[in-house]
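Enquirer: Build me a model:
(chains A and B)
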Amino acid sequence: MTDQELLGIETLSDKVAIQKALRDKIAELDFEIDIERIFSYIHCAQRLLRKIESIVPTKVLMSDSDKELLETGAQCISPETLVAHLSNLYNNPTSRFDIAFWKSSIDSIKSTDKENLFAYCQAIADFLNEKPYLTSEILKLLANAFPFVDFFPDPKDEANKAFWEQYGYIYRLLRNGNNELDLIVHAIPRDVFSTNQLDELYNRLLHSASCYREKKYAQAFNVLAEGIPDEAKPLILWQRKLNILYKAAFIEQEENVAVIFEQTLDTAFAYYPQDKQLIYMRAKFIFNSSNASQAKAGIIEILKTNPDHTKCLFLLGKCYLKLGITRAALLIFENLSKLNPLNIQYVTAAASARRAYIDFCMKEYDPKENSKQFYIKNINALIEQGMFDEAVTLASQAPADDADMKALLLYAKDIETYSIKKKKDKKALKEALSLTTDNNIAYKIKTHYLRDIPSWSEVIEEKEFILNYYNEYPTDAMANYQMGMSFYATTDYEKAYEYFSNANTLDSTNIEIYYNLARAAGQIREFEKAIEYMRIYLQYNKYALTANELVCEWSFAIQDYKNAHLSAKWILSICRTNEFDSKYHFYFTVSLSHYLNTIPKEYHNHLYIEESLDLYDGYKKPETFLTEGNGIKSMYGAAKLCFEMGNYGRCVKYVKHVLKHTTDHKNATIELCILELLPQSLYTLKRYEELIELVTEPTEALFTNGYVYKGATPAYFLSAAHGKRKQYTEQMDWALKCVHCYNLSETPPIDWIENYLMDKFSFVMENDIDLYIIPFGSIYLDVIKTTNLNHIWMSHNMANAYDAFDMPTEALIHHQKCIAYGLEFPDDCEEEITSSKNYINTHSTSSSVKSN
Amino acid sequence: MSKYHTFENPTQLSKSQLWLIATSAMLAELNKEYHDTLLPHHIYSTPLLLKDSKQCLLRDWEIKNLADLSDTFNYLHNEKTFAAVQDNWELLSNEELKQNKHAGIDMEFSNLLSMVDDYQFDLAKSDYGWHYGRCAWLIRHSFYNDFITESEAWSLLEENGKRIKDSFDSWESFGLSYIIGAQYWKSKEYTEVVMMEFKNNINYLLSNKNSPWLNVDWNDFE
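Expert: Here you go, the predicted structure:
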């Protein structure tokens, strides 16, 4: 059963719908007796919510309005125009905190006015004095772009006192950024307030925080309470006010503040009744001001409408523990630990509740009245809670003459050994199974016997055991799971998928099942399903490398390149030193490149791409990186990204890095680097000699068995590079090759070829490079099938060239062609046609004279 | 991982003395040491264990005599680590604390804000337990290395113990404070894996029958 089915949600698009479904599901449930069920719904809702939240828009692309602003920024040419543009960005709440806009204008200044950067410091310092509310990354950008080191004079020099009074704050901003504002800006809706209102809010919040840190709580509170009408206050103001009051009332124990806290909370609720923090404040107030029983009732009331509020659930757990309701308390803390494994409060509370629960169980059953049940239940409870040594101690106290007790002792001992050494004594477990007649004990032993078998070969060895286990418990999730494992081990992935699916339907809370269900789905190429299941597993195991890698691989396989890139980015951020694998680098750059190929270039966000490449450069590479396919491909991907955005210098850097470390230039990826990326990059960078040196040989190698289409681009740039170096013979030679290659395309670019040939033909005519008149003319007449005036001109000049080379027959043929083409254009090229006619007449006469 | 030591009190220490030793339990458990004797390895010390202990005191703490221990003692009693973070950021709204991942801020600061969010206004004594708990362990090891006498050890443990007793109200709150100190210490890179051993140890100390914290009542030291 999927999470959507479990909660009864048809389409997954709306947070509100998920929360409503959750409320409906738990409406009739009891927070003590049904707490396990409640948590299964909570986990389910959390998974669905995370699924929605995980669709985070990464700014790989830009909108039209973004592009327009960027273009304006690129036109800044002086301190005045820059400050005017920055003011414009600052005054627009949507662009104020978007670094891409700031960077484009600053980059423009750095390239157009780089000799004059110092002059910008004064203008920017004055600008910041007036408009200081910017995030750290923008301040850092400004600080690094301009020579502020020279702008700020020696602070110890008395003569600079006035300067430092005026600009000291700017110095600190540029040096340290503004961490606090970084956080505030994301918590205030920018579309609701004007620029001035936003500045007023930022100012109040920063001032209030400063008072709070000086322990001036009343002042900190008043700065937020006064000056802005309650109905206009954003949520953050209420939340901060309540935090200040809570600190003063309940931590510092200031008199009478608790009353103000309660009143403020009520007012805040009137404006923001659904806010989770306000709800928690109320729950916490109830918890602090009531006895455990009253607090429990009050908090359950709150949870009925906010069942997944983890902090409120924690307070409920504490109430239960105080009231001795240990099982419910333990279940709450354990589940909260699963939801937030790094919150140690949950861990310590769970540990205390675990002890209290075991002590409760021990008291609950009187060993004298029902000795056997006492031991079975408590040993099981101890094992479930991971208290293996205590379980063994208790089992060893059980009546030794009872077979079930003997089995239980063997089981307890093995599970304790397993917890320490990760090895099972299968013989002892089988002996235990042969002893017991208690179905519950037998089930536990079998489940333990099959848990976490370390290799597929061992799973195959246990095939019969698994089958018997399944036949005995066909509706048990673990039995179905083990059947899935058994089929997976024998590579029957269809069957494995079927059994894992059954197991998942029977127990959708077991995260391990999702992992293998996803793998089986991947094996039968159901990649979408595989990704969906593995993402659920990853919600609880976000650092699991293999699982992340599989999601990345599957996303790539279904051409979801954006997610493949983002998965690779995450993997590379969590890899430990010895875990970096070239394939992660491959997915990182190549997926991004493929993704961008599907989007028009003008929407590419160059800033994001540059940042990604900086990350790529920084990621550790394995030693064999450039001797294996994936490493080379990843670097080709990086070079391609640079190539596509016109950063040819960086592109060449990547390609040369590859070439430096490999000698196998026949490798397909390296060939792409040389033939696809280098020619245009080096040509644009005017590195003609390097282009000729690096590209000539590999391109010539392509033509060993005749021309091939992929030789066109390198031949074109080789020709152009030779041209720039005035090596006309080579220039024309490569130009001819270029045309031959283009002509092999399925749909040759005829117009381009015609212009190119005309250009070259004219050039050889003007510069008397006679040797190439005939080859260019021939190919022109051959390729350009529709007759035009150029045919007349070209065939005439070719005829003259043949004549000059003493090839009269060819000359005659081309003069005749010239006349023939001329018939189609009777009013044009009279001079060439007359000349050709004269040649023919002369040639005919001289032939007849000779024959006479 | 080895089996846990059973709690037996072989040297017949008083309840109060056992309580003082139990204040070093987090680090003692990490090193699989005894919780019921002043000496960390009871009578089972070996030259290698002693050498390790000496190296640890010197390498990690620069302690080689009573004066060094005294300096460290003062340092640990006055050091403010997570408390300074709380003082600065605890007033932030949850919205702000949760936005940290998107705000372009560094990993360490982001982790610290997550900690503030998790424990907001719940830790009156911050991570002082981390400093006091390690202090107790250093005193035991200083005695083990003969840097101090037994009576000096008890006296220092008592002084340190008073601070613990005044700051916390249970083994649970003391242990929590200790681990939060560890979490702060690891704030550059803390993950579930990094915290796992600390979590296992606190679970043991708060729930296992052999744990000193279950054998010594919080109120056994006044």
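
Enquirer: Any regions of the chain where pLDDT drops low?
Expert: In the absence of a named chain, this looks at chain A. Across chain A, the ranges flagged by pLDDT under 70 are A:1, A:12, A:53-65, A:365-370, A:665, A:845-852.

Enquirer: You answered for a different chain; I wanted chain B.
Expert: Per-residue confidence for chain B (pLDDT under 70) gives these ranges: B:1-4, B:99-105.

Enquirer: those strands in it, which residues are they?
Expert: Using DSSP state E, no strands are assigned anywhere in chain B.

Enquirer: centroid residue for it?
Expert: Compute the mean C-alpha point of chain B, and by CA atoms, centre = their mean the closest residue is B:Gly133, 3.1 Å away.

Enquirer: if I look at it, how far off is B:Gly161?
Expert: Here B:Gly133 is placed at a distance of 11 Å from B:Gly161 (CB to CB, to the nearest Å). C-beta: built from backbone N, CA, C; applies to glycine.

Enquirer: Show me the common contact partners of those two, please.
Expert: Taking CB atoms under 8 Å, 6 or more residues apart in numbering or on different chains as the contact rule, the neighbours common to B:Gly133 and B:Gly161 are B:Thr23.

Enquirer: can you tell me which residues contact the residue of the stretch 501-650 of chain A found nearest chain B?
Expert: Closest approach between the stretch 501-650 of chain A and chain B, counting by CB to the nearest CB: A:Tyr543, at 5.9 Å. Contacts for A:Tyr543 (CB under 8 Å, 6+ apart) come out as A:Ile574, B:Thr191, B:Glu192, B:Val193.

Enquirer: care to break chain A down by domain?
Expert: Using automatic domain parsing, the domain ranges for chain A come out as A:3-53, A:64-181, A:189-273, A:379-448, A:543-681, A:731-851.

Enquirer: Return the distance of the third one from the chain's centre.
Expert: Yep, that's domain A:189-273 we're talking about. Average the C-alpha atoms of domain A:189-273, do the same for its chain, and the two points are 36 Å apart (CA atoms, centre = their mean, to the nearest Å).

Enquirer: sorry, back to before: dump the domains of chain A into CSV; add distance to A:Asn471 as well.
Expert: Rendered in CSV, the data for these read as follows (distance: least, CB to CB, whole Å):
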stretch, distance to A:Asn471
domain A:3-53, 28
domain A:64-181, 62
domain A:189-273, 55
domain A:379-448, 12
domain A:543-681, 31
domain A:731-851, 62
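
Enquirer: Burial check on A:Gln731, number of neighbours?
Expert: Around A:Gln731 sit 23 other residues, with neighbours defined as other CB atoms under 10 Å in any protein chain shown.

Enquirer: Around A:Gln75, how many other residues sit close by?
Expert: Here the number of neighbours of A:Gln75 (other CB under 10 Å) works out to 12.

Enquirer: circling back to that earlier point, where's the residue of the stretch 501-650 of chain A closest to chain B, which helix or strand?
Expert: No secondary structure element spans A:Tyr543, as it lies outside all helices and strands (assigned by DSSP states H and E).

Enquirer: Quick check on it: phi, psi?
Expert: phi -100, psi 0 (degrees, to the nearest 10).

Enquirer: how far away is it from A:Glu579?
Expert: In terms of CB to CB, A:Tyr543 sits 11 Å off from A:Glu579.

Enquirer: One more: B:Trp137?
Expert: Spatial separation of B:Trp137 from A:Glu579 under the definition CB to CB is 33 Å.

Enquirer: The two - which one has more neighbours?
Expert: Neighbour tally, B:Trp137 and A:Glu579, criterion other CB under 10 Å: the higher count belongs to B:Trp137, 21 against 13.

Enquirer: how about the nearest residue to the residue nearest to the centre of chain B, chain neighbours excluded?
Expert: Counting by CB to CB, 6 or more residues apart in numbering or on different chains, B:Gly133 lies nearest to B:Tyr178, which is 4.5 Å off, once chain neighbours are set aside.

Enquirer: State the number of residues packed around A:Lys216.
Expert: Once other CB under 10 Å is used to define contacts, A:Lys216 is seen to have 15 neighbours.

Enquirer: show me the residues around it that make contact.
Expert: A:Lys216 sits next to no residue when contact means CB under 8 Å, 6+ apart.

Enquirer: Check the one 5 residues further on too.
Expert: A:Phe221 makes contact with A:Ser208, A:Lys241, A:Ile244, A:Leu245, A:Ala248 under the criterion CB under 8 Å, 6+ apart.
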